[in-house]
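[1] Show me the folded form of this:
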Amino acid sequence: MSHRLPAPATRERIAEAVAEGMPATIAELSRLVRIPSVSWDGFDQAHVAASAEAVAELLRGLDFFDEVRVATASNPDGTPGRPAVLATRPAREGKPTVLLYAHHDVQPPGEDRDWDSPPFEPVLRPTADGDRLYGRGAADDKAGVMAHIAAIRALVAAGGGEPGIGVAVFIEGEEEYGSQSFRDFIVRHRADLAADAIIVADSDNWDHATPAITATLRGNATFVLGVRTLAHASHSGMFGGAAPDATLAAIRLLSTLWDEDGAVTVAGLHRHEAATPDYDEGQLRAEAALLDGVRPIGRGAILDRIWNQPSITVTGMDLPSVQHASNTLAPAIRAKISVRIAPGQTAAEAYAAVEAHLRAHAPHGAVLEFEDVVLGEPFQVDTAAEHVELAKAAMAAAWGRDPVEIGIGGSIPFIATLVDVFPDAQILVTGIEDPDTRAHSPNESLHLGVLRRAVLAEALFLAALDGRE
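    As a prediction, this is how the structure comes out:
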């Protein structure tokens, strides 16, 4: 069955409902931002539980779902996962069902001194491009939560009869912590979550005035590399220059991962062949905050490097701090490695290539250890699929501009799990972020115009699936 957008008069009623609901949407989002729902170990998980309950109350307040509940599933080691929210409303009259996904947990805030205002105190500020709401989770991804809630509210408020469309909502509580219980959760609740289309509201837009639908995502492989050269620390004056310290070995080993241009040198890592939109070095410098005189790395078109080529980043190292450094040769070093994998290659194959490279290039006979390996698969969407085309039409109507099909250099590993468990569903990766959002960074923010247009696009999509005229 094909679907089309409602007539202009109906679209206008939905747009009015979205606009009228925006003050409540912003106020509700602000209340969610005030809950420091960091899902990482070492943070108070009572806040994650409180965040889940707050989201559940918002969903219950819509008076739309047959059931709303907070639930947990099991991690692979049998421990309980973080609390998620599940809301269900079965379809009526043979109409399709949509699964709406977002997550209510957030990244750690980092140092308060790096923020212009407290990270969990939402602050609205005008900018040259429009008003922005600042705070941890204001965009990633509590705005995704509110986009779903506001779209349903607008669909109902616009009238046109009782909706027959089926809607399931899954608001995860551990996306920022690796989605460890994700597979168990969706398998346990497979019947409740089964849908014709799945909207994942956790991605980006081209800019604050131009929508985007994500066509590809890089996969990832993260692991901890241990480099050991000595049985214990030794005096650097007595043995330096003869005994290889682990820091030296680690530096030399890690440097083999890139060439002089900063391009990855690991044999066996693939690249994806796909065209990319225009994006010049000036835009990269502005959006990635390159310092004056610092040159980009890699080769080829900039977006090709970010979307279609592999990359490797050392995201952390266990070293003696400068303050606590002593005149000794370090016996062992640990480094956290993040590998981004081009679409079309499996995460296992890419990880195996990186491990083989490191073992082959270990200097001075250094002993290597590989721990905490986590793999996430890349993703490619069929952009010609019916629901994808309908979503793009809804975006164009809501934003007044055709959406850009983009790739994302980052990873959303659980999407591969959705594809595996729900192979017949069409997955739409949409977003409420823009290049100035700074997700995961200090001064994270949400452009309120982006939120309004994202809500309207989703409401129009739901109305089309519901058969609104």
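[2] can you map out the strands along the stretch 51-200 of the chain?
    67-71, 84-89, 97-103, 123-127, 130-134, 166-172, 197-204 (DSSP state E, counting those that start in this stretch).
[3] Please convert the ones you listed to CSV, extending it with mean neighbour count, mean pLDDT and distance to residue 437.
    All C-beta atoms are positioned from the backbone trio N, CA, C, and that covers glycine. Listed next are these as CSV, based on neighbours: other C-beta atoms under 10 Å; pLDDT from 0 to 100; distance: least, C-beta to C-beta, whole Å:
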stretch, mean neighbour count, mean pLDDT, distance to residue 437
strand 67-71, 16, 98, 28
strand 84-89, 24, 98, 23
strand 97-103, 26, 98, 15
strand 123-127, 13, 97, 12
strand 130-134, 19, 97, 9
strand 166-172, 26, 98, 19
strand 197-204, 24, 95, 8
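[4] Now do the SS call for residue 22.
    Secondary structure, DSSP: H, G, I helix; E, B strand; the rest coil: residue 22 is helix.
[5] still on that earlier bit, would you list the strands of the stretch 51-200 of the chain in a markdown table and tack on distance to residue 26?
    Output for the strands of the stretch 51-200 of the chain, formatted as a markdown table (distance: least, C-beta to C-beta, whole Å):
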| stretch | distance to residue 26 |
| --- | --- |
| strand 67-71 | 22 |
| strand 84-89 | 20 |
| strand 97-103 | 16 |
| strand 123-127 | 8 |
| strand 130-134 | 7 |
| strand 166-172 | 18 |
| strand 197-204 | 17 |
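[6] nearest to residue 146, of the ones you listed?
    strand 97-103 (8.5 Å; C-beta to C-beta).
[7] any idea where the helices of the stretch 201-350 of the chain begin and end?
    236-239, 246-255, 281-288, 302-307, 347-360 (DSSP state H, counting those that start in this stretch).
[8] of the ones you listed, which approaches residue 270 most closely?
    Closest among the helices of the stretch 201-350 of the chain, using C-beta to C-beta: helix 347-360, at 7.7 Å.
[9] From the contact counts, what lies against the helix or strand following the closest one?
    Moving toward the C-terminus from helix 347-360, the next helix or strand (DSSP states H and E) is strand 367-376. Using 3 or more C-beta pairs under 8 Å, 6 or more residues apart in numbering; DSSP states H and E, the elements in contact with strand 367-376 are strand 219-228, helix 347-360.
[10] Just the angle for strand 367-376 relative to helix 246-255, thanks.
    Taking axes from the mean of the first three to the mean of the last three C-alpha atoms, to 10 degrees, strand 367-376 and helix 246-255 form an angle of 50 degrees between their directions.
[11] strand partners of strand 367-376, parallel vs antiparallel please.
    Strand 367-376 sits in its sheet next to strand 219-228 (antiparallel), going by DSSP bridges.
[12] Next up, the contacts around the closest residue in space to residue 226 that isn't next to it in sequence.
    Of all residues not flanking residue 226 in the chain, residue 369 sits nearest, at 3.5 Å (C-beta to C-beta, 6 or more residues apart in numbering). With contact taken as C-beta atoms under 8 Å, 6 or more residues apart in numbering, residue 369 is in contact with 225, 226, 228.
[13] Would you map out the domains in this structure?
    8-217+378-465, 219-272+309-376 (automatic domain parsing).
[14] one step back: now the helices of the stretch 201-350 of the chain as TSV including mean pLDDT, distance to residue 103 and mean neighbour count?
    TSV is the format used below for those (pLDDT from 0 to 100; distance: least, C-beta to C-beta, whole Å; neighbours: other C-beta atoms under 10 Å):
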stretch	mean pLDDT	distance to residue 103	mean neighbour count
helix 236-239	94	47	13
helix 246-255	98	32	20
helix 281-288	93	24	13
helix 302-307	96	23	20
helix 347-360	98	21	17
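[15] right, so of these, which gets closest to residue 168?
    That would be helix 347-360 among these, by C-beta to C-beta, at 27.5 Å.
[16] packing partners for the host helix or strand of residue 31?
    If you go by DSSP H and E, residue 31 is part of helix 8-33. Applying 3+ C-beta pairs under 8 Å, 6+ apart, we find helix 8-33 packed against helix 46-60, strand 130-134, helix 142-157, helix 448-465.
[17] Can you give the distance from stretch 414-431 to the centre of its chain?
    14 Å (C-alpha atoms, centre = their mean, to the nearest Å).
[18] do stretch 219-229 as well
    With C-alpha atoms, centre = their mean, you get 22 Å for stretch 219-229.
[19] mean confidence score for that stretch?
    Here stretch 219-229 scores 96 as its mean pLDDT.
[20] same check, this time on stretch 428-445
    Here stretch 428-445 scores 95 as its mean pLDDT.
[21] how close does residue 61 sit to residue 456?
    21 Å (C-beta to C-beta, to the nearest Å).
[22] Comparing the two, which residue is more hemmed in?
    Taking other C-beta atoms under 10 Å, residue 61 and residue 456 do not tie; residue 456 has more neighbours (25 against 12).
[23] Tell me, how many residues neighbour the residue lying closest to that one once chain neighbours are set aside?
    In space, residue 456 comes closest to residue 398 once its chain neighbours are excluded; the distance is 3.9 Å by C-beta to C-beta, 6+ apart. Using other C-beta under 10 Å, residue 398 is surrounded by 25 other residues.
[24] right, and the strands of the stretch 51-200 of the chain - which one's nearest residue 3?
    strand 197-204 (10.1 Å).
[25] which neighbours does the closest one have in its sheet, and in what orientation?
    By DSSP bridges, strand 197-204 pairs with strand 97-103 (parallel), strand 426-433 (parallel).
[26] The first one: how far from the chain's middle?
    When distances are taken as C-alpha atoms, centre = their mean, strand 97-103 is centred 15 Å away from the chain's centroid.
[27] just stretch 226-244 next, same as before
    With C-alpha atoms, centre = their mean, you get 41 Å for stretch 226-244.
[28] cool, and stretch 372-381?
    12 Å.
[29] what about residue 136, distance to residue 20?
    28 Å.
[30] err, residue 36, not the other one
    31 Å.
[31] go on, residue 14?
    In terms of C-beta to C-beta, residue 14 sits 11 Å off from residue 20.
[32] quick one: contacts of stretch 378-390?
    So stretch 378-390 is contacted by 2-5, 196-197, 213-219, 341-345, 347, 405, 411-412, 415-416, 419, 426-429, 461, 464-465 (C-beta under 8 Å, 6+ apart).
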